[in-house]
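[1] Take a look and give me a structure for this.
(chains A and B)
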Amino acid sequence: MNRIDSLFKNKPSDVLTIYFTAGYPNLDDTESIILGLAKAGVDLIEIGMPYSDPLADGPVIQASSKEALKNGMNLDLLFDQLEDIRSKTQVPLVLMGYYNQVIQYGLEPFCKKANQVGVDGLILPDLPLDEYKKLCAPLFMQYELTCTFLVTPSSTDERIREIDAASSGFLYAVSSHSITGGDSANNLSDYGSRLAALNLKNPVQVGFGIHDAKSFQAATAIANGGIIGSAFIKALSKEEVLENKIYSFIEGIRV
Amino acid sequence: MSMYNANKKGFYGKFGGAYIPELLHNNVEELRLTYLDILGSDEFKTDFDGLLKDYVGRPTPLYLAQNLSEQYQTNIYLKREDLTHTGAHKINNTIGQILVAKKLGKKRIIAETGAGQHGVATATVCALMGLECIVYMGEIDIQRQAPNVARMKMLGATVVPATSGSKTLKDATNEAIRDWINHPHDTHYIIGSVVGPHPYPDMVARLQSVISQEMRLQLKQKTGSETPTAIIACVGGGSNAAGAFYHFLEDENVQLIACEASGMGVDSGKTAATSFVGTEGVLHGSKSLLMQTKDGQVVEPYSISAGLDYPGIGPMHANLFETKRASFVAVTDKEALDAALELTRLEGIIPALESAHALASLKQLQFKKEDVVVINLSGRGDKDLSTYMKHFEL
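    Purely as a prediction, here's the structure:
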C-alpha cells in the first residue's frame, strides 16, 4: 500500500503536513529537513520544487523559491538528493510544483524518477483535471504516485465531488480565498460541515493560512489534518542549526 | 470548424487551454460561460461600436504610404492604430472588456502592464466608467516608463509595483493573477494581450478583430479586393497581430507575417523572439511557446521595446507558427530603430518601437511591384521619445 494511504488508514486525525522549498535555505538542506521533520513527528512532507513563476504562492514561498533557484536547485539535483532517502525514513513524501516543470522534464521520465527515489505523490496546482485524466492518470498509476487536487470554499459541491473523484492520496482543501501565506484560516466550520456532508472518498488536509497551534487545531477540527508551508519557511534561516529550528517549530504547533 | 481559432475548450491545435490553480476556477469559469453571449448581444454591440466610433476614433485610416512604397517597390498600406485615443490598439480591448466587466457587475478592475500602454488604456476606460482601477507594473518598468505611470495616476488608477521575480511584465502579470485569486467576487482582470487562460486569448482576439474587419472594407474600396498579398504585424503577446490577422485567417492566399523582437540577436541570449528560441510550455495559464530553461524555469526576455519584452506568445500565434499559417520574422533592436527613423523621415509618422519591428521586416521580405502589403501600425512613438532621443542623439 502507498505510504500516504497507510498513513491516513492508521492515523485518521491530527495529521500534520509540512511544506518546504527544496534548496532553501541552503542548496543541500533537503535531506536534513526531511529527516528533521520526520524525527519531530511530522506525518507527511511536501517537497516544493522551486519555480520561477509560482502563481498560487504568496511572498514567503516566492522568496524561498527564488533563493533556492539562485542556490542552484533543479530537478536532477533534487532527485539526486532524494536517492538514498528511503534507506533513512519511511515518512510519506509528496512533490509539489507547477505543471510546466513536469512537462519540461518529460511526463514519463518525471514519474519514473519520482517513483524510483521513493516519492509517494504529487501536487500540481495548475494541472487541469481534463489533462490529468487524458495524459497523466495512467502514468501516475503505473508509477504508484497519488495525485492531490485542490478545492476551495467557493468550489461548488458538484465541483468538489468531481475533484475528489479524480484525486488520490488526499484532497487539499484551501482554507480561504487567497494565495499561500495569509493568516485567514478562520470560520472554517461551515466549510468543514459542507466537506463532511459530501462523504468524500479521500482524506482531507486543510492548507493556506495554517501557521500556528490555533490554526492547526482549527484545521484538524474540520478535516484529517492541516498543511503548514509559509510559516515553517519563515522559521528557517541560514544561521541557526536546522534540527533545533525544526524541532522547536513543530513543538509549537503540537502543543 | 476553423483550425486557426479556439475550439470550445480554448485550444488552438495543441496550444491554449486553462492551466490554472483551482483558486481561479470560479473567476475564469464565470467568464468562459458568459463571454460569447455578452459579446454577441445587441446591447454590447451597440455600446462597443458606439464607443469605438466616437471615443476611440474608429475606423482608423488605411493609408497608402507612397514614399515607403516607392522605397520598397511595392504597395504598402499602413493601418493607423496609432491614431486611436491613447495612441495604440490596446484601447480596442479595454473598451470591450470594461463593458463585459460592467455586464458581470464587477466593481474593481485590475490589469498588468509592461510599457504602460495597456495600463493607460485600462485606466482610461475605468475613468470613463467610474470603476476602481489597480494596475500592476514591474518595479523596473515603473522607473523606465515614468510618463505613462503619471498618466495612469492622473486618470485615477493605483499603480502597484511588482517586486517579485524579475520585476517586469511577466511578474506584473503574476501579481495581477494573485490579486484576482485574493478577490474572487468583485474583480475583473483585464488582460492586455491574447495570453492567459481560456477564454482570454479568444476574447481579446475577438475584441481586436475590429482591425482586420475594417481593413477588408478599406482594401475593397482602395484596391478593389478585400484581400491583400500580405499582412505584417509585430508580436509580443500578440494582440495587435491577432486583430490584424483575424478576418484573414481562412484566406490562405493572404500571407500573415509575425515580427518578433530579437533584441541583440536571436542567439545572443538577449532576445524576446519566442518562436525562434522557445519550446512548448505553460505560462500565465495557457500552453504555448515559451522561453525557458531545460528545467522549465521561465527565462527573462530582452527587447528595446517594452511592449515586446515578453517570454511567451499567445496560443493562437503558437498554433499559426506550428501550422506554418504565419511566417515569423526576427527583428533586432538596431533594425527596429532604423525602421522607425525611416518611416519618420519618409512619411512624417513617428511609430512606436513595437510597430517599428513590423516595419523593419520589409528589409527581409521580397514583394512584387503589384503586391499589396498591409502593415499594422499598432501605436505611435510618443512614449518612446526618450529612447529615440538617446539613439538618434536628438
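[2] Grab the most central residue of chain A for me.
    Taking Cα atoms, centre = their mean, the centroid of chain A lies closest to residue A:46, which sits 3.5 Å from it.
[3] where along the stretch 151-300 of chain B do the helices fall?
    B:169-182, B:200-208, B:210-223, B:239-245, B:274-277 (DSSP state H, counting those that start in this stretch).
[4] Compare these and report which one is nearest to chain A.
    Chain A lies closest, by Cβ to the nearest Cβ, to one member of the helices of the stretch 151-300 of chain B: helix B:169-182, at 5.0 Å. The C-beta positions use only the backbone N, C-alpha and C, and glycine is treated the same way.
[5] Now do the residue nearest to the centre of chain A against residue B:143, distance only.
    37 Å (Cβ to Cβ, to the nearest Å).
[6] now do residue A:245
    38 Å.
[7] Please apply the same query to residue A:177.
    On the measure of Cβ to Cβ, residue A:177 and residue B:143 end up 32 Å apart.
[8] next one: residue A:12
    Relative to residue B:143, and taking Cβ to Cβ, residue A:12 is found at 54 Å.
[9] can you tell me the helix or strand for the nearest residue to residue B:394 once chain neighbours are set aside?
    Spatial nearest neighbour of residue B:394, excluding adjacent residues (Cβ to Cβ, 6 or more residues apart in numbering or on different chains): residue B:388 at 6.5 Å. Here residue B:388, judged by DSSP states H and E, is contained in helix B:385-391.
[10] helices or strands next to that helix in the packing?
    Counting contacts by 3 or more Cβ pairs under 8 Å, 6 or more residues apart in numbering or on different chains; DSSP states H and E, helix B:385-391 is packed against helix B:333-347.
[11] next structured bit after the helix it packs on?
    Later in the chain than helix B:333-347, the nearest helix or strand by DSSP H and E is helix B:353-360.
[12] then that following helix to CSV, C-alphas only?
    As requested, the backbone C-alpha atoms of helix B:353-360 are provided in CSV (Å, rounded to 0.1, in the frame of the first residue of the first chain):
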residue,chain,number,x,y,z
LEU,B,353,9.1,50.9,-31.2
GLU,B,354,6.8,47.8,-31.3
SER,B,355,5.4,48.8,-34.6
ALA,B,356,8.8,49.6,-35.9
HIS,B,357,9.6,45.9,-35.6
ALA,B,358,6.9,45.2,-38.2
LEU,B,359,8.2,48.0,-40.5
ALA,B,360,11.7,46.6,-40.2
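[13] From the contact counts, what lies against it?
    Using 3+ Cβ pairs under 8 Å, 6+ apart: helix B:353-360 touches strand B:230-234, strand B:255-263, helix B:333-347, strand B:372-377.
[14] export the third one as CSV, just CAs?
    So the one you mean is helix B:333-347. Provided in CSV are the C-alpha atoms of helix B:333-347 (Å, rounded to 0.1, in the frame of the first residue of the first chain):
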residue,chain,number,x,y,z
ASP,B,333,16.8,46.5,-31.7
LYS,B,334,19.0,48.1,-34.3
GLU,B,335,16.8,47.1,-37.2
ALA,B,336,13.7,48.4,-35.4
LEU,B,337,15.4,51.8,-34.6
ASP,B,338,16.5,52.2,-38.3
ALA,B,339,12.9,51.4,-39.4
ALA,B,340,11.4,53.9,-37.0
LEU,B,341,13.7,56.6,-38.3
GLU,B,342,13.0,55.6,-41.9
LEU,B,343,9.2,55.8,-41.5
THR,B,344,9.5,59.1,-39.7
ARG,B,345,11.6,60.7,-42.5
LEU,B,346,9.7,59.2,-45.4
GLU,B,347,6.2,59.6,-44.2
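[15] and that helix with strand B:230-234, angle?
    Taking axes from the mean of the first three to the mean of the last three Cα atoms, to 10 degrees, one finds helix B:333-347 and strand B:230-234 inclined to each other by 120 degrees.
[16] Give me every residue in chain A lying close to chain B.
    With Cβ under 8 Å from any Cβ of the partner chain as the criterion, chain A meets chain B at residues A:51-53, A:55-56, A:58-59, A:62, A:66, A:69, A:74-76, A:98-105, A:125-128, A:130-131, A:149-152, A:154-155, A:159, A:163, A:174, A:177-179.
[17] avg pLDDT for stretch A:46-60?
    Stretch A:46-60 shows a mean pLDDT of 95.
[18] Tell me the buried residues in that stretch?
    Judged by neighbour count (16 or more other Cβ atoms under 10 Å in any protein chain shown), stretch A:46-60 contains these buried residues: A:46-58, A:60.
[19] now stretch A:133-144
    A:136, A:140, A:143.
[20] okay, these in JSON lines with distance to residue A:254 and secondary structure next?
    Compiled in JSON lines, the buried residues of stretch A:133-144 are given as follows (distance: Cβ to Cβ, whole Å; DSSP: H, G, I helix; E, B strand; the rest coil):
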{"residue": "A:136", "distance to residue A:254": "34", "secondary structure": "helix"}
{"residue": "A:140", "distance to residue A:254": "31", "secondary structure": "helix"}
{"residue": "A:143", "distance to residue A:254": "33", "secondary structure": "coil"}
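[21] How about the contacts made by residue 61?
    I went with chain A, as the question did not name one. Each residue near residue A:61 by Cβ atoms under 8 Å, 6 or more residues apart in numbering or on different chains is listed here: A:19, A:21, A:48, A:54, A:180-181, A:229-230, A:233.
[22] hmm, I had chain B in mind actually
    Shown in contact with residue B:61 (Cβ under 8 Å, 6+ apart): B:80, B:83, B:218.
[23] what's the answer for residue A:148, then?
    A:94, A:121-123, A:167-172 are the contacts of residue A:148 under Cβ under 8 Å, 6+ apart.
[24] Now do the same for the nearest residue to it once chain neighbours are set aside: its pLDDT.
    Excluding its sequence neighbours, the residue lying closest to residue A:148 (Cβ to Cβ, 6+ apart) is residue A:123, at 4.6 Å. pLDDT, residue A:123: 98.
[25] And residue A:123, its phi and psi?
    Main-chain torsions, residue A:123, degrees, to the nearest 10: phi -130, psi 120.
[26] what do you get for residue B:307?
    According to degrees, to the nearest 10, residue B:307 has phi -70, psi -20.
[27] Alright, calling it a day.
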